[in-house]
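Trainee: Next input, structure requested:
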Amino acid sequence: MMIANCPTRRAVLLGIVALTASGCSGLEIGGPAPQLYTLSPKSTFPPDLPTIALQLGVDRPSSPAALATTRIAVARGPFTIDYYAGARWIDEAPDMVQRLLIESFENSKRIVGVGRESVSLRSDFVIQVELREFQARYNEGTEAPVVQVRINAKLVRMPQRRIVATTTVERSLPSSDNRMTSIVATFDEALGKVLRDIVVWTLTSEALRG
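Mentor: Numbering: from 1, shown residues only. Presented below is the predicted three-dimensional model:
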């Protein structure tokens, strides 16, 4: 599997300073376009999940700069993040996670209204989301990675903007092999479990009934 680093070089030629950026794609200029991948929302939930007659806004997730990109992150050590060459998410990871979380709430059919906070929804509560981990990690001596997804969610009462509950949900799942399709399928499974847990945690939170 090719891994792309992100170098930026400054070259001086004939007294003219030119900035040359690699683009962090791992592809040569004029090479093939990267394969685009997307993930799916969660659609199965416990049958006894309560119905909430509230409006819920979902903030765009914050994240480390290394994850705020369409590139698919991969770690081979504790202190570095690289990216798979020739593969991209269809949206920047925070935007994709926001969309999938909203769709997961909609699929639960247990909430009156849910949408992006940026569209000025008259929200009773807002979920503030932080995407803390969203990468594949190769452990020493292994050929296939473990996919790590970790999301912190804060439930904020409006209009006071007071945090009334918080949780962190994470999953680490091994990919069956080192093919990109298998790695993306593992991302889909890991993120799906995290999204499900956030939806269930939100809809069963006592803070919504306070």
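Trainee: And the longest helix along the chain, what does it pack against?
Mentor: Taking DSSP state H as the assignment, the helix of the chain that covers the most residues is helix 180-203. Using 3 or more Cβ pairs under 8 Å, 6 or more residues apart in numbering; DSSP states H and E as the contact criterion, the elements in contact with helix 180-203 are strand 35-37, strand 71-77, strand 80-89, helix 93-108, strand 125-137, strand 146-157, strand 162-174. C-beta coordinates here come from the backbone N, C-alpha and C atoms, glycine included.
Trainee: Now render the ones you listed as a markdown table, adding distance to Thr44.
Mentor: Conversion of the helices and strands packed on helix 180-203 to a markdown table gives the following (distance: least, Cβ to Cβ, whole Å):
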| stretch | distance to Thr44 |
| --- | --- |
| strand 35-37 | 22 |
| strand 71-77 | 26 |
| strand 80-89 | 23 |
| helix 93-108 | 8 |
| strand 125-137 | 20 |
| strand 146-157 | 18 |
| strand 162-174 | 16 |
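Trainee: Dump the ones you listed into CSV; add mean pLDDT and distance to Leu191 as well.
Mentor: Putting these into CSV (pLDDT from 0 to 100; distance: least, Cβ to Cβ, whole Å) gives the following:
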stretch, mean pLDDT, distance to Leu191
strand 35-37, 98, 12
strand 71-77, 94, 13
strand 80-89, 96, 11
helix 93-108, 98, 7
strand 125-137, 97, 8
strand 146-157, 98, 5
strand 162-174, 98, 8
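Trainee: so which of those comes closest to Arg60?
Mentor: helix 93-108 (5.2 Å; Cβ to Cβ).
Trainee: now the angle from that closest one to strand 71-77?
Mentor: 110 degrees (axes from the mean of the first three to the mean of the last three Cα atoms, to 10 degrees).
Trainee: what's downstream of helix 93-108, the next helix or strand?
Mentor: Tracing the chain past helix 93-108, the next element assigned as helix or strand by DSSP states H and E is strand 111-116.
Trainee: quick check: mean pLDDT across that following strand?
Mentor: Per-residue pLDDT over strand 111-116 has a mean of 93.
Trainee: Renumber starting at 49 from here on
Mentor: Noted, 49 is the first residue going forward, which turns the last one into strand 159-164.
Trainee: Taking helix 141-156 as reference, get the angle to that strand.
Mentor: For strand 159-164 and helix 141-156, the angle between their directions (the same axes, to 10 degrees) works out to 170 degrees.
Trainee: Arg257: neighbouring residues, count only.
Mentor: Arg257 is surrounded by 9 other residues when neighbours are defined as other Cβ atoms under 10 Å.
Trainee: just to revisit the earlier point, buried residues in the longest helix of the chain?
Mentor: Within helix 228-251, the residues that count as buried by 16 or more other Cβ atoms under 10 Å are 228, 231-251.
Trainee: Repeat that for stretch 118-135.
Mentor: If you call a residue buried by 16+ other Cβ under 10 Å, then stretch 118-135 has these buried ones: 118-123, 129-135.
Trainee: Just give me the closest of these to Glu154.
Mentor: The nearest member of the buried residues of stretch 118-135 to Glu154, counting by Cβ to Cβ, is Thr118 at 24.0 Å.
Trainee: and the closest one, how far is that from Thr190?
Mentor: 26 Å (Cβ to Cβ, to the nearest Å).
Trainee: Kind regards, and thank you for your time.
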